[in-house]
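*Asks:* Just need the structure, nothing else, for what follows:
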Amino acid sequence: MPTLEVKDLYVSVDGKEILKGLDFTVNKGEIHALMGPNGSGKSTLAYTIMGHPKYKVEKGDILFEGKSILDLKPDERAKLGLFLAFQYPVEVPGVTLFNFLWKAIQANNLDSTSPRIKQLPKSVVDYKKELLEKIKKLNMSEIFVYRPIGVGFSGGEKKRMEILQMAMLKPTIAFLDEPDSGLDIDSLKIVADVVNSVRNPELGIVMITHYQRILNYIKPDFVHIMLDGKIVKSGGPEIVEKLEQEGYAWIRETTAEAAD
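*Replies:* Next up is the predicted model:
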C-alpha cells in the first residue's frame, strides 16, 4: 500500500480545470522530482494534497496510508504527517519562528498518537536543543528563530527557514515547492545539504522544480514530467539529463506521438 496515493484526480481553480485525471504515488524513503513547464499543475497538486480551499476536487481521491483525506482540513492533514514548503514563504509579523514551531509540535504531541509523533521533542528544553542543532547545519544565526517569521529575511533565508520547519516537524511526506527558486549557488548547496541530512527511510520527499541544478545535489529516485494537468512521463534521473538537452518540446512531441 503506497504511503500517499493520488487516484484519477481532477481539480479546478475558480472554475478552470487544472488537474485532469492525475495518478501519482510516493512512499516513505523515496525522493521524487516533479517537473514541468509553468501552468502544468505541479503546485496545484501540492496545494490540493494539503487541502487548500481554493482548489476544488471534482473527481478522484487522495489516500494517505490507505485512507481518503479529502474530508480533512489542512491542519488535520499536517498532523497526519503531510508537509508543504512554499515557493514563496509568507511573512508572519509578530510571531517568532521559535514560538510557532513549538506550538506546532505541542499540537502534534497532544492530538496524535502516530509513530512519527514519538520522534518529536516533548519538552521545551529538548526542543530548543534540537532546534539549535538544526540551525547550525543551516549555517544560520540563532537570532533568526527569535525574529518574526520571514520578516526582513532574504529569499535564501526564507527557504532555509522552511527546510528547518520540515526538519523539526518530521513529516512523513514533504512537498518542496521550487526549493531552488531565487537561491544563489551557495544557498542552494546549503538547502540541499540540509534536505540530504534529513533524508531517511521514514520520510518521502517530492521536489517541485523547473531545473536540473538542485537535482545535482539532491539525487531523486524517480522523476515525473507534468504537462497539461497530467503526469505524462516517469522514470529515473536520466530523464532530467535529456530534458536539459532537448527541453519540454521533447516531452510534447513524445506525448503527441503516443496520442496518435
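*Asks:* start to end distance for stretch 158-178?
*Replies:* Stretch 158-178 has its terminal residues 13 Å apart, counting by C-alpha to C-alpha, to the nearest Å.
*Asks:* Which residue ranges of this structure form helices?
*Replies:* Counting by DSSP state H, the chain has helices at residues 42-50, 74-80, 97-111, 124-137, 155-169, 185-198, 238-246, 248-259.
*Asks:* any idea which of those helices is most buried?
*Replies:* Greatest average neighbour count among the helices of the chain goes to helix 42-50 (a mean of 22), per mean count of other C-beta atoms under 10 Å. Quick note: C-beta positions are derived from backbone N, CA and C, even for glycine.
*Asks:* For it, give me every contacting residue.
*Replies:* Identification of contacts with helix 42-50 by C-beta atoms under 8 Å, 6 or more residues apart in numbering yields 4, 6, 9, 11, 13, 18-19, 22, 24, 34-36, 54-55, 57, 62, 74, 77-78, 82, 84, 87, 175, 177, 206, 208, 226, 229.
*Asks:* pretty sure Leu84 is touching Ile173, no?
*Replies:* No. Leu84 sits out of contact with Ile173 when judged by C-beta atoms under 8 Å, with a separation of 9.8 Å.
*Asks:* Distance of the residue nearest to the spatial centre of the chain relative to Ala46?
*Replies:* When C-alpha atoms, centre = their mean is applied to the chain, the residue found nearest the centroid is Phe175 (1.2 Å). Separation of Phe175 from Ala46 (C-beta to C-beta, to the nearest Å): 4 Å.
*Asks:* repeat for Lys122
*Replies:* Distance, Lys122 to Ala46, using C-beta to C-beta: 30 Å.
*Asks:* With Leu215 instead?
*Replies:* 18 Å.
*Asks:* What are the buried residues along stretch 12-24?
*Replies:* 12-13, 18-20, 22, 24 (16 or more other C-beta atoms under 10 Å).
*Asks:* what do you get for stretch 215-226?
*Replies:* By neighbour count on 16+ other C-beta under 10 Å, the buried set for stretch 215-226 is 215, 217-218, 220, 222-226.
*Asks:* Tell me the one of those residues nearest Glu244?
*Replies:* Leu215 (9.6 Å; C-beta to C-beta).
*Asks:* what pLDDT does the closest one get?
*Replies:* Leu215 is assigned 89 on the pLDDT scale.
*Asks:* Verify the contact between it and Gly236 for me.
*Replies:* No. Applying C-beta under 8 Å as the test, Leu215 and Gly236 come out as separate, 11.3 Å apart.
*Asks:* Find residues that contact each of these two.
*Replies:* Residues touching both Leu215 and Gly236 (C-beta under 8 Å, 6+ apart) are Val223.
*Asks:* for the stretch 1-150 of the chain, which spans come out with low pLDDT?
*Replies:* Per-residue confidence for the stretch 1-150 of the chain (pLDDT under 70) gives these ranges: 111-113.
*Asks:* List the residues that contact Val191.
*Replies:* Contacts of Val191 by C-beta under 8 Å, 6+ apart are 156, 159-160, 163, 179-180, 183.
*Asks:* again, but for Lys28
*Replies:* Going by C-beta under 8 Å, 6+ apart, Lys28 touches 3, 172-173, 201-204.
*Asks:* One more pass at 10 Å, please.
*Replies:* Counting by C-beta atoms under 10 Å, 6 or more residues apart in numbering, Lys28 touches 2-4, 65, 81, 116, 172-173, 200-205.
*Asks:* Any of those buried? List them.
*Replies:* Buried members of the contacts of Lys28, counted by 16+ other C-beta under 10 Å: 2-4, 65, 81, 116, 172-173, 203-205.
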